[in-house]
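>>> Can you look at this prediction? I've put the sequence above it.
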Amino acid sequence: MTITHLDGGFADPARDAAHAFRAALQAMARPGRIEAVRGAAPPAPCSVAAGALLLTLCDTTTPLYLAPSHDTDALRGWITFHTGAPFTGPEHAMFALGTWAALQPVARFAPGTAEYPDRSATLIVEVEALANRGATLTGPGIETQAQLSLPETEAFAANRRRFPLGFDSYLTCGDRLAGLPRSTRVEG
């Protein structure tokens, strides 16, 4: 294990984890809302926001898939040291991290079951830009409508049609994140 694996965790673990957890909850409860997080400094190519989500949501019981865009020795070592999350293939992942292109095809991620829809994967999608423009979002947590820049709309619209099954998503860019639960209707 190298020194880079040991660095980059939350500077103030209790406070930073609480802040990141609240941001993650707010983002998922209010689709289209962009939240800022701080405190994590994961190795490239992982963003601050994606690192904060990993530090907050992953532990030894949450299998994680790293897409080829993010599957590096430095990031694997950092995740192992800071969370202990086991690495797995996409079919068994509770969380998956990567760029949208590297996470394809998204149909391979667990959608949950009729008895346990909560046993689905959550995708942490690293995007180049995150802004309140682009696709129109409606549904629970949105008063009328919201807009969010998405890497594509059809896959998220198809995911909504599977509700209550499907995957949930966080989109991350730099120190910002947005949530897109499977219950959100997405239109181009």
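Arrived safely.
>>> Check the contact between E152 and Q104; I expect there is one.
No: the pair formed by E152 and Q104 falls short of the contact definition of CB atoms under 8 Å, at 9.8 Å. Every C-beta, even on glycine, is put in place using the N, C-alpha and C of the backbone.
>>> Geometric centre of this protein: which residue is closest?
I124 (2.3 Å; CA atoms, centre = their mean).
>>> What pLDDT is listed against that one?
On pLDDT, I124 comes in at 98.
>>> what do you get for P43?
Note on P43: pLDDT of 94.
>>> same deal with M1?
pLDDT for M1: 50.
>>> Check the one 10 residues further on too.
Here the pLDDT value assigned to A11 is 78.
>>> Quick check: buried residues in the helix ranked longest in the chain?
Longest helix of the chain, by residue count under DSSP state H: helix 13-29. Buried residues in helix 13-29, counting neighbours by 16 or more other CB atoms under 10 Å, are found at D16, A17, H19, A20, F21, A23, A24, A27, M28.
>>> What is the three-state secondary structure of A40?
coil (DSSP: H, G, I helix; E, B strand; the rest coil).
>>> got it, and E35?
Classification of E35 using three-state DSSP returns strand.
>>> That one and A107: what is the separation?
28 Å (CB to CB, to the nearest Å).
>>> If you count surrounding residues, which of these two has more?
Of the pair E35 and A107, E35 is the one with more neighbours under other CB atoms under 10 Å, namely 22 against 12.
>>> give the contact list for the spatially closest residue to the more buried one that is not a sequence neighbour.
Distance criterion CB to CB, 6 or more residues apart in numbering; nearest residue to E35, sequence neighbours excluded, is A23 at 3.9 Å. Shown in contact with A23 (CB atoms under 8 Å, 6 or more residues apart in numbering): E35, A36, V37, A52, L177.
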